[in-house]
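Peer 1: This is the structure alone, sequence omitted:
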């Protein structure tokens, strides 16, 4: 697996666009919402390191419907949620200070039973001492075909490394396929195979929030991806999850900031 590294920096094209945002407050129980999927008419989310291992179901109107607790899993720092037709994947990959040696992705079946665990480590990481500005954190996970794609949250360079991981349980050593010059800290990802569209969210140290698109993600391949970036006009916020609805409609959630409330946003994109 991953016998070579393609060092390619994909610089974002800043696009002038009209962004229509519709905001809905979310319950305090999911104030650290950090992943987003859909099941029928309901959204699925989870909190990050501030909560027990649990997923929550809520409506477009922001009403909490139910939750499921996992008694055999641990939530060290859950950061994203991805799904295919048969499984859900929870990325316990948060690594703020590059100290973790137990990074993992939990595999759940369609009824949310734990089916296996993917254990990962970074080939380039040789020490695990505390480091604030590091390149070994990751909060964005998506399913692409028979693989998972993990995007790093790189505080050192603000360039996101893209890693490919099999969807089967095992232990894997990660090497980057390419680098995206997001100029931000990437927090979430989602891929829609029918649209061949990958989207990301991220933020800068000064609190600016961004939305990114990578169209024709599989068709173009790693060497020709075109990264487009859009400023999300909302503060204070920290966007932590994204879900594609259509080619121009996207759902995103933000954590509670400055004693506020977590929020669900419908982002509608109209490029000029």
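Peer 2: On my side now, so go ahead. None of the values given here were measured: they were computed from a predicted structure.
Peer 1: Let me see the ranges of the helices in the stretch 151-272 of the chain.
Peer 2: 217-220 (DSSP state H, counting those that start in this stretch).
Peer 1: Might you list the low-confidence residue ranges for it?
Peer 2: Within the stretch 151-272 of the chain, the stretches with pLDDT under 70 are 258-259, 272.
Peer 1: Tell me the bridge partners for the residue lying closest to residue 205 once chain neighbours are set aside.
Peer 2: Nearest non-adjacent residue to residue 205, counting by CB to CB, 6 or more residues apart in numbering: residue 185, 7.8 Å away. (C-beta placed from N, C-alpha, C; glycine too.) As for beta bridges, residue 185 partners with residue 203 under DSSP bridges.
Peer 1: Could you do the one 5 residues further on as well?
Peer 2: Here residue 190 shows beta-bridge partners residue 199, assigned using DSSP bridges.
Peer 1: picking that back up, mind listing what the residue nearest to residue 205 touches?
Peer 2: 153, 154, 155, 158, 202, 203, 204, 205 (CB atoms under 8 Å, 6 or more residues apart in numbering).
Peer 1: Tabulate the residues you listed (TSV), appending neighbour count and distance to residue 57.
Peer 2: Below are the contacts of residue 185 laid out as TSV (neighbours: other CB atoms under 10 Å; distance: CB to CB, whole Å):
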residue	neighbour count	distance to residue 57
153	27	26
154	22	32
155	18	32
158	17	34
202	27	26
203	21	26
204	13	32
205	9	33
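Peer 1: with those in mind, which one is nearest to residue 178?
Peer 2: When the contacts of residue 185 are ranked by distance to residue 178 (CB to CB), residue 154 comes first, at 13.1 Å.
Peer 1: in what helix or strand does the residue nearest to that closest one when sequence neighbours are not counted lie?
Peer 2: Computed as CB to CB, 6+ apart, the closest residue to residue 154 that is not its neighbour in sequence is residue 135, at 4.6 Å. Assigned by DSSP states H and E, residue 135 belongs to no helix or strand.
Peer 1: Dihedrals phi and psi, residue 135?
Peer 2: phi -110, psi 20 (degrees, to the nearest 10).
Peer 1: OK, contacts around residue 42?
Peer 2: Residue 42 sits next to 57, 58, 59, 65 when contact means CB under 8 Å, 6+ apart.
Peer 1: what's the answer for residue 93, then?
Peer 2: Contacts of residue 93 (CB under 8 Å, 6+ apart): 77, 79, 80, 103, 104, 105, 120, 137, 138, 139, 141, 150.
Peer 1: a markdown table for the contacts of residue 42, including neighbour count and secondary structure?
Peer 2: Shown next, in a markdown table, are those (neighbours: other CB atoms under 10 Å; DSSP: H, G, I helix; E, B strand; the rest coil):
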| residue | neighbour count | secondary structure |
| --- | --- | --- |
| 57 | 17 | strand |
| 58 | 23 | strand |
| 59 | 13 | coil |
| 65 | 11 | strand |
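Peer 1: For the residues you listed, which two are the farthest from each other?
Peer 2: Distance extremes for these: the farthest pair is 57 and 59 at 8.4 Å, using CB to CB.
Peer 1: overlap in contacts of these two?
Peer 2: Residues touching both residue 57 and residue 59 (CB under 8 Å, 6+ apart) are 42, 43, 65.
Peer 1: So the residue nearest to residue 154 is in contact with residue 158, correct?
Peer 2: No: in this structure, residue 135 is not within contact of residue 158 by CB atoms under 8 Å, at 10.1 Å.
Peer 1: any chance you could map the strands in the stretch 1-150 of the chain?
Peer 2: 9-10, 13-14, 17-25, 37-39, 42-45, 54-58, 64-69, 80-83, 87-92, 104-109, 114-122, 138-144, 147-152 (DSSP state E, counting those that start in this stretch).
Peer 1: Of all the ones you listed, which one comes closest to residue 180?
Peer 2: Among the strands of the stretch 1-150 of the chain, if distance is taken as CB to CB, the winner is strand 9-10, at 5.0 Å.
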